[in-house]
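[1] fold the following and give me the result.
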Amino acid sequence: LTLALGVKRNCKYLFTYLLGALSVSFFQLNLQLTVLRGFNDNNKLEESFHENTPVAVAAGTREEQEIAWGRQVLQYPSTFAKTHPGSCQEQRDRISEGANRNPISTYRRVLVREQLNLVDPKVILSAEAWLEKSFLPSINSTGLFFIDVGANQGQFAIPITKLGHEVISFEPVPSTCATLKANLAKAGLTATVHCKAASDKVSTVKFLTQKGAPAQSFKQIKGDSTQRPASDITEISTTTLDLVVPKEKTIIFLKIDTQGYELPVLHGARQLFDSGRVKLVAVEFSYYLLQASKTDPLDILDFLADRNYVCTYLGWHTKIKAGTPGTYGVPQNMPPVQGKSISFEELVELVRVFPVEVGGIGFSGWTDLLCWQSCQK
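    All right, here's what the predicted structure looks like:
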């Protein structure tokens, strides 16, 4: 009996010891996994990002840090919409000279899109195609909030709404806005539609109706309009995104396509950008249309960089056949951009002219900027 009790007591102690050892081992394993989740730059585990744990990017140049961060943002947009999970540096860059300087150094270069695993280099995507084929399928939740400025007939709004997300659309052309509403109704979808132009103030502007041209070819009239027939002029109401977007909303994706008037739209959304409530933004970047509206293309890039957004670009587009109105498409021989990033001026030069050797006919072209908040929040 004494021997039996001793064995039982020893077994109890042995079991307690083993249990404690297993607990320590499990804690160590869990700690190791946590470290790997947080700091493995090349193999981020999806679980850590979706649990909103801080994600650190390994040390490297600012260019390398922004590329690594951009890959995460584009791979896990649902989580990025809800939080800004971490920083590319635990010790953020500080600008020492000048007490009133921004403590975060803005990144004033454009990332080469192939560095971000954005699309197959052989596939040239428009913003619409990228949103529908790449971005929307990567979102693993519903009820996110989108803004569509220059909604046209619903190329953005309809696929977004079908997936259970909320959309506010702006389309200033009355006939096109009516078609947009009809297309939503036909699909059995509900979205908020403003038959107004988003701009930098509440006002009215005059647009020229180009007979026989598509609705998106409406052009804003600058200066004296008395020389034009009244039947060719449409007066459009304008508003700002800062006034319309509910203050409790965070925008997962803002798309701006306003035929050269993208900068006033951005100016009318200063509060949204300054507060960090715009997570991703796509902006049409047309050299010709921006020049026609008296906008320096660099001003768009500067606006976004000043608010700590980093950009890449999508597909290239230009006139590929002369005539009126001509044929527009993709320059088939466009070589890939060299390096990991380019300057703002280099991007402007790329869209300024597309020569014959790349598949153009010597005209300017356009791309779509795709921008997100820098890893240095």
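[2] could I get the average pLDDT for the helix or strand residue 369 falls within?
    Assigning secondary structure by DSSP states H and E places residue 369 in strand 365-373. Per-residue confidence for strand 365-373 averages out to 94 on the pLDDT scale.
[3] sheet-wise, list the partners of that strand with their directions.
    strand 278-286 (antiparallel), strand 309-313 (antiparallel), strand 317-321 (antiparallel) (DSSP bridges).
[4] any idea which of the ones you listed gets closest to residue 113?
    strand 309-313 (4.7 Å; Cβ to Cβ). Just so you know, the C-beta spots here come from the backbone N, C-alpha and C atoms, and that holds for glycine as well.
[5] export the strands paired with strand 365-373 to JSON lines and tack on distance to residue 339?
    Shown next, in JSON lines, are the strands paired with strand 365-373 (distance: least, Cβ to Cβ, whole Å):
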{"stretch": "strand 278-286", "distance to residue 339": "19"}
{"stretch": "strand 309-313", "distance to residue 339": "13"}
{"stretch": "strand 317-321", "distance to residue 339": "22"}
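[6] which of those sits closest to residue 112?
    Of all the strands paired with strand 365-373, it is strand 309-313 that lies closest to residue 112, at 7.2 Å by Cβ to Cβ.
[7] buried stuff in that closest one?
    Of the residues in strand 309-313, those buried under the neighbour-count criterion (16 or more other Cβ atoms under 10 Å) are 309-313.
[8] do the same with stretch 326-344
    330-331, 334, 337, 340-342, 344.
[9] ranges for the strands of the stretch 201-350 of the chain?
    Taking DSSP state E, counting those that start in this stretch as the criterion, the stretch 201-350 of the chain contains strands spanning 203-208, 219-220, 233-239, 251-256, 278-286, 309-313, 317-321, 327-329, 341-343.
[10] these: lowest mean pLDDT?
    Of all the strands of the stretch 201-350 of the chain, mean pLDDT reaches its minimum on strand 219-220 (a mean of 52).
[11] picking up where we left off before, for residue 241, find the nearest of the strands paired with strand 365-373.
    Shortest separation from residue 241 across the strands paired with strand 365-373 is recorded for strand 278-286, at 9.0 Å, computed as Cβ to Cβ.
[12] how close does residue 256 get to residue 148?
    Distance of residue 256 to residue 148, given as Cβ to Cβ, to the nearest Å: 9 Å.
[13] how about residue 355?
    Remark: distance between residue 355 and residue 148 (Cβ to Cβ) = 34 Å.
[14] and those two? Which one has more around it.
    residue 148 (28 against 13; other Cβ atoms under 10 Å).
[15] note down every partner strand of the helix or strand hosting that one and its orientation.
    Under the assignment given by DSSP H and E, the secondary-structure element containing residue 148 is strand 145-149. Each strand that pairs with strand 145-149, with its direction, by DSSP bridges: strand 166-170 (parallel), strand 251-256 (parallel).
[16] can you list those in TSV and add mean neighbour count?
    Compiled in TSV, these are given as follows (neighbours: other Cβ atoms under 10 Å):
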stretch	mean neighbour count
strand 166-170	24
strand 251-256	25
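[17] sketch out the low-pLDDT regions of the stretch 51-200 of the chain for me.
    Judged against pLDDT under 70, the low-scoring parts of the stretch 51-200 of the chain cover residues 51-59, 78-79, 81-105, 119-124.
[18] hmm, 80 instead?
    Regions of the stretch 51-200 of the chain meeting the criterion pLDDT under 80 cover residues 51-60, 76-105, 118-126, 128.
[19] which stretches of it form strands?
    Counting by DSSP E, counting those that start in this stretch, one finds strands in the stretch 51-200 of the chain at the ranges 109-111, 145-149, 166-170, 192-194, 197-198.
[20] would JSON lines of those strands with distance to residue 204 be doable?
    Compiled in JSON lines, those are given as follows (distance: least, Cβ to Cβ, whole Å):
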{"stretch": "strand 109-111", "distance to residue 204": "35"}
{"stretch": "strand 145-149", "distance to residue 204": "18"}
{"stretch": "strand 166-170", "distance to residue 204": "15"}
{"stretch": "strand 192-194", "distance to residue 204": "14"}
{"stretch": "strand 197-198", "distance to residue 204": "9"}
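[21] out of these, nearest to residue 278?
    Of all the strands of the stretch 51-200 of the chain, the one in closest proximity to residue 278, counting by Cβ to Cβ, is strand 145-149 (8.3 Å).
[22] alpha carbons of the closest one, in CSV - could you do that?
    This file holds the C-alpha atoms of strand 145-149, laid out as CSV (Å, rounded to 0.1, in the frame of the first residue of the first chain):
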residue,chain,number,x,y,z
PHE,A,145,-17.5,52.1,-48.8
PHE,A,146,-16.5,53.3,-52.3
ILE,A,147,-16.7,56.7,-54.1
ASP,A,148,-17.0,56.9,-57.9
VAL,A,149,-16.4,60.3,-59.4
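[23] which residue is the nearest non-sequential neighbour of residue 334?
    Nearest in space to residue 334, with sequence neighbours left out and distances taken as Cβ to Cβ, 6 or more residues apart in numbering, is residue 358 at 4.8 Å.
[24] so that neighbour touches residue 335, yeah?
    Yes - with contacts counted by Cβ atoms under 8 Å, residue 358 reaches residue 335, the gap being 7.1 Å.
[25] now the strand holding residue 148: buried residues?
    Under the neighbour-count criterion of 16+ other Cβ under 10 Å, strand 145-149 has 145-149 buried.
[26] OK, contacts around the closest residue to residue 356 other than its chain neighbours?
    In space, and not counting its chain neighbours, residue 356 is closest to residue 362: 6.7 Å by Cβ to Cβ, 6+ apart. With contacts defined as Cβ atoms under 8 Å, 6 or more residues apart in numbering, the neighbours of residue 362 are 353-356.
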